[in-house]
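J.: Let's see this in three dimensions:
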Amino acid sequence: MKAISIFNDVLGPVMRGPSSSHTAAPYQIGRMARALLLGPDRVPHLSRGTASEGERSEADAAADGPAEAAFVFDPGGSFAQVYREQGSDLGFAAGLLGWPLTDDRFGQVLDVAAREGVDIRFSVASLAHLLPLTPEGSGPEEGKLHPNTVEMRLRSRRGRTLHAVARSIGGGALVFTQVGGWPVSLAGDAHELMVEMAPAAEPFALLRTLPFALLRTLPFALLRTLERVTALLAPLLRPEGPEPARQEQAGKVLLHARCAAPAGAGILAALEALPGVSAVWAAEAIFFPQRGAPLFESAAEMVAYAEAEGCSLGEAALAYEAALLGLPPAEVLAETLRRFEVMRAAVHRGLAAPGRPGDATGELAPMQLLRPTAGGIFQAEREGALAVGGLHARAAARAMAVMHVNGGMGVVCAAPTAGSAGTIPGVMVTLAEDPALASLRSRREGVGDEAAIALALMAASAVGLVVARRATFAAEVAGCQVEIGAAGAMAAAAVVEAAGGNAQQAMDAGAIAFQNTMGLVCDMVQGIVEIPCHTRNAAAAANAFLCADLILGGYHNPIPLDETVDAVMAVGQMLPRELKVTALGGLALAPSARSLPRLR
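T.: Residues are numbered from 1 along each chain as shown. I've put the predicted structure just below:
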């Protein structure tokens, strides 16, 4: 199992709403599919500017690019039920065209693609034929078709083709499981290079296994081919890394290398021109490449590490991510703060106007079912118009504000998913800005305000690491408990960290938060990430402070986080598919829910 990264798998991505599994991951799948079809850096991105077709340069017009794309979803999966409502179609298209995920034209991408002559089609059909090629150990429901599976057939303007299969695995993460008929596992966290060739053209196996005396008897042309392939690939491979993985089927060999550097267009073209080479696929890393090893793999190991090092949970998580990604701790803190600022901006934007969120940066699209209310709730609390009000209500309103931005296809930071993107920002911005917590912010000696916020987010992410390692962030697999439930557990740990609690206390706060959301189903009304998602985020944010106080006040948690997460996952696998992002059960079937009118 690959190591879990905080930035790659837990705290992010920065994305447009409404769903990390069904908007952000499809975008990343489309982006990787584009690279595999065309090759990285071979052509300029389409549609990056605002010029009309007649204004494009001759170079752009002559360059290769996507011409046709067919995306197929299984009828029993989640994509088939919600790909229009949650913007999966927009995500696949934007990635395929090479747009940034935060492009302001995101909602119009299908119209732009049609104007540019790119034929993009979506359909629902059985994907049962993919099961024999599902890689072993590929997920918690091994042997079954993952509910977020997509099969793709692409063609470029110059006739290049790609047949690939991928899946969204939760929180914006993805994995390609097939490319060109070969079983693979591409997660976007490495520079990938795959070369399909006739066995006689395989350099690594020959050079590794044949004695020198026998090599001298090989034809000169073949030796020159081996020499040229080795020379092309050697600079890309990590000196300490493994040799390329090898597969053989149907009289062909696939060499698959995870490279230290991207393969440039020149290398790819040279490889394609070699005798015996039938296909070359390459894709640059779209997430932070992993260069080190994880410091720990469980909550128990994290607490032991923190106690041995005399540090907090947030500091332990900081050391983990720095070691895994090979980055200085200062760079990890800076990236953490960058993501916090995305969260803060989403809170402020969602609170900007009681009637409709928006600010000087431009209006959001309307939500599909709800009208924004977070700003009005926040103002009512300020005026003393609520029954109780206080810190918990303000945190809840801030969380809901982020979900309004998410529902309006605004920019948020999935933490750990877009469906749960409000909980942690609601808590973190409350910790950073709320006047009632001024005394709490002064408790940690020698730690500045920015560093304290970053470490609180790292502590939250430590809980997320456990969930990602032992379970999943995909509600399609285990229900809402692993999205909003996970976010609430992470937020509780953040509060303990900010209050100066130790690693064990932070983990226990996360555990009891999780224990009280176990079994939470995903029953989005009309398949849209709004009802009951917005109020659940609000409640989870308020509950995070309560759980932190219970632990800091002396409650002894008898069931540790590792065991709690295992139980959550077991419960999730018992839930029927009707209660896991299909809108076929729970509140989604209530008559009032089904009759709600769409606002857009």
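J.: Okay, strands next: where are they in the stretch 401-550 of the chain?
T.: 411-413 (DSSP state E, counting those that start in this stretch).
J.: now the helices for it?
T.: For the stretch 401-550 of the chain, applying DSSP state H, counting those that start in this stretch gives helices covering 423-433, 438-441, 449-470, 475-478, 484-498, 503-515, 533-552.
J.: quick one: least confident helix or strand in this protein?
T.: strand 358-359 (a mean of 38; mean pLDDT, DSSP states H and E).
J.: Report how many residues lie close to the spatially closest residue to A593 that is not a sequence neighbour.
T.: Excluding the flanking residues, the one nearest A593 by CB to CB, 6 or more residues apart in numbering is V525, at 4.2 Å. (Each C-beta comes from the backbone N, C-alpha and C, glycine too.) Around V525 there are 23 other residues, counting by other CB atoms under 10 Å.
J.: pretty sure V525 contacts S595?
T.: No: using CB atoms under 8 Å, V525 is not in contact with S595; the gap is 10.4 Å.
J.: Could you pick out the longest strand of the chain?
T.: What stands out as the longest strand in the chain, according to DSSP state E, is strand 161-170.
J.: buried residues in that one?
T.: 162, 164-170 (16 or more other CB atoms under 10 Å).
J.: got it, and stretch 287-302?
T.: Buried residues in stretch 287-302 (16+ other CB under 10 Å): 287-290, 294-300, 302.
J.: where's it relative to the chain centroid, distance-wise?
T.: Using CA atoms, centre = their mean, to the nearest Å, the distance from the centre of stretch 287-302 to the centre of the chain it belongs to is 17 Å.
J.: do stretch 149-167 as well
T.: That offset, for stretch 149-167, works out to 21 Å (CA atoms, centre = their mean).
J.: gap between the two ends of it?
T.: 4 Å (CA to CA, to the nearest Å).
J.: can you map out the helices along the stretch 201-350 of the chain?
T.: 203-209, 212-215, 220-233, 265-272, 299-309, 313-325, 329-351.
J.: Any chance you could spot the residue sitting in the middle of the chain?
T.: G172 (2.1 Å; CA atoms, centre = their mean).
J.: rewinding a little: mean neighbour count, the helices of the stretch 401-550 of the chain: which tops it?
T.: helix 484-498 (a mean of 32; mean count of other CB atoms under 10 Å).
J.: relative orientation of that one and helix 533-552 in degrees?
T.: Per axes from the mean of the first three to the mean of the last three CA atoms, to 10 degrees, the angle that helix 484-498 makes with helix 533-552 is 40 degrees.
J.: packing partners for helix 484-498?
T.: On a contact count with 3 or more CB pairs under 8 Å, 6 or more residues apart in numbering; DSSP states H and E, helix 484-498 meets helix 313-325, helix 423-433, helix 449-470, helix 503-515, helix 533-552.
J.: just so I know, which of those lies nearest S19?
T.: Closest approach to S19 among the helices and strands packed on helix 484-498 is made by helix 533-552 (9.7 Å; CB to CB).
J.: Flag every buried residue along the following helix or strand past the closest one.
T.: For helix 533-552, the following helix or strand on the C-terminal side (DSSP states H and E) is helix 561-574. Using 16+ other CB under 10 Å as the test for burial, helix 561-574 gives 561-562, 564-565, 567-569, 571-572.
J.: now, which of these sits nearest R246?
T.: Once CB to CB is applied, the member of those that ends up nearest R246 is M569, at 33.8 Å.
J.: who's in contact with that closest one?
T.: With contacts defined as CB atoms under 8 Å, 6 or more residues apart in numbering, the neighbours of M569 are 140, 470-472, 478, 482.
J.: With respect to L457, which of the residues you listed is nearest?
T.: Distances from L457 to the contacts of M569, taken by CB to CB, are shortest for V482, at 19.4 Å.
J.: My read is that that closest one contacts A570, right?
T.: No: between V482 and A570 there is no contact under CB under 8 Å: 11.7 Å.
J.: just checking, what packs against whichever strand or helix holds P26?
T.: If you go by DSSP H and E, P26 is part of helix 25-38. The helices and strands touching helix 25-38, judged by 3+ CB pairs under 8 Å, 6+ apart, are strand 66-73, helix 88-97, strand 149-156, strand 161-170, strand 173-179, strand 277-283.
J.: Angles on the backbone of A471, please.
T.: The phi/psi pair for A471 (degrees, to the nearest 10) reads phi -140, psi -120.
J.: any idea how far it lies from V277?
T.: Taking CB to CB, to the nearest Å as the criterion, A471 is separated from V277 by 41 Å.
J.: Those two: which has the busier surroundings?
T.: A471 (23 against 18).
J.: who's in contact with the nearest residue to A396 once chain neighbours are set aside?
T.: Spatial nearest neighbour of A396, excluding adjacent residues (CB to CB, 6+ apart): A538 at 3.7 Å. Going by CB under 8 Å, 6+ apart, A538 touches 396-397, 399-400, 403, 422, 426.
J.: any chance of these in a markdown table, with distance to R258 too?
T.: Shown next, in a markdown table, are the contacts of A538 (distance: CB to CB, whole Å):
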| residue | distance to R258 |
| --- | --- |
| A396 | 44 |
| A397 | 45 |
| A399 | 38 |
| M400 | 42 |
| M403 | 37 |
| G422 | 36 |
| G426 | 38 |
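J.: out of those, which one sits closest to S126?
T.: M403 (34.6 Å).
J.: What is the burial count for that closest one?
T.: Per other CB under 10 Å, the neighbour tally for M403 reads 34.
J.: Who are the contact partners of it?
T.: Contacts for M403 (CB under 8 Å, 6+ apart) come out as 350, 374, 421-422, 529-530, 533-534, 537-538.
J.: Low-confidence bits of this protein, can you list those?
T.: Along the chain, the parts satisfying pLDDT under 70 run over 1, 40-62, 132-143, 201-244, 353-364, 441-448.
J.: Look up how far A544 lies from the closest residue to A399 other than its chain neighbours.
T.: In this structure, A399 finds its nearest non-sequential neighbour in G426, 2.8 Å apart by CB to CB, 6+ apart. Using CB to CB, G426 is found at 9 Å from A544.
J.: can you check I551 too?
T.: From I551 over to A544 (counting by CB to CB), the distance is 11 Å.
J.: any common contacting residues for those two?
T.: 492, 509.
J.: hang on, V427 packs against N543?
T.: No: under the criterion of CB under 8 Å, V427 is not in contact with N543, lying 9.8 Å apart.
J.: and S461, what does it touch?
T.: By CB under 8 Å, 6+ apart, the neighbours of S461 are 6, 10-11, 317, 321, 490.
J.: likewise L465?
T.: Residues near L465 by CB under 8 Å, 6+ apart: 4, 6, 9-10, 302, 317, 320.
J.: Kindly indicate which of the residues you listed lies nearest V82.
T.: Distances from V82 to the contacts of L465, taken by CB to CB, are shortest for D9, at 22.4 Å.
J.: pretty sure that closest one is in contact with R469, am I right?
T.: No: checked against CB under 8 Å, the pair D9 and R469 is beyond contact range at 9.1 Å.
J.: so what's P75 up against?
T.: Contacts for P75 (CB under 8 Å, 6+ apart) come out as 124-126.
J.: pretty sure A33 contacts R153?
T.: No: using CB under 8 Å, A33 is not in contact with R153; the gap is 10.1 Å.
J.: More neighbours: which of these two?
T.: The neighbour comparison of A33 against R153 (other CB under 10 Å) goes to A33, with 25 against 14.
J.: what about the more buried one, distance to C547?
T.: Distance of A33 to C547, given as CB to CB: 41 Å.
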